[in-house]
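S.K.: here is a sequence together with a model predicted from it:
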Amino acid sequence: MSDYTAKSIKVLSDAAAAKRFGYEKAQELSETYLCVSKTSLETLVIASNLCGVDPDLAAQKYCEGLDVELPVEFAEIYSEVMTERVSKEQKS
């Protein structure tokens with residue numbers, strides 16, 4: 001039996017949800033990197049959160065081409081998340 005109950009559910013404010021799930025950061029990056037698609041930047045933020053990487057560092061590497069060291073898993077996770085997102089968009 002699981003300890004998960006209705007009391008386990010936490011409703012977040014819009015601001016808290018945006019911060020927790022990276023929407024705010026993706027929007028900030030899209031204002032900085034105008035030539036990069038919002039989908040790519042949202043995926044970059046998701047992958048960063050999953051890897052425990054600062055999204056700004058990932059953006060420096062992939063949007064600016066700087067020599068920033070990221071975990072090997074970052075590129076793999078980015079690719080998987082992007083593939084899932086594109087697949088969902090094509091089904092819609």
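M.R.: Good, I have the coordinates.
S.K.: look up how far Cys35 lies from Gln60.
M.R.: 15 Å (Cβ to Cβ, to the nearest Å). The C-beta positions use only the backbone N, C-alpha and C, and glycine is treated the same way.
S.K.: compare these two (neighbour count), which wins?
M.R.: Neighbour count, other Cβ atoms under 10 Å: between Gln60 and Cys35, Gln60 has more, with 15 against 5.
S.K.: ok, and the closest non-adjacent residue to that one?
M.R.: Excluding the flanking residues, the one nearest Gln60 by Cβ to Cβ, 6 or more residues apart in numbering is Leu66, at 4.5 Å.
S.K.: burial measure for that neighbour, as a count.
M.R.: Close neighbours of Leu66, defined as other Cβ under 10 Å, add up to 10.
S.K.: what strand or helix carries it?
M.R.: With the criterion set as DSSP states H and E, no secondary-structure element contains Leu66; it sits in neither a helix nor a strand.
S.K.: and it, what are its phi and psi?
M.R.: Dihedral angles phi and psi of Leu66 (degrees, to the nearest 10) take the values phi -80, psi 160.
S.K.: from Leu34, how far out is it?
M.R.: Distance of Leu66 to Leu34, given as Cβ to Cβ: 18 Å.
S.K.: ditto for Ser87
M.R.: Distance from Ser87 to Leu34, counting by Cβ to Cβ: 27 Å.
S.K.: those two: who's more crowded?
M.R.: Taking neighbours as other Cβ under 10 Å, Ser87 and Leu34 compare with Ser87 leading, 9 against 6.
S.K.: now do the SS call for the more buried one.
M.R.: helix (DSSP: H, G, I helix; E, B strand; the rest coil).
S.K.: quick one: pLDDT of it?
M.R.: As summarised for this prediction, Ser87 has a pLDDT of 89.
S.K.: residues contacting it?
M.R.: Residues in contact with Ser87, defined by Cβ atoms under 8 Å, 6 or more residues apart in numbering, are absent; none qualify.
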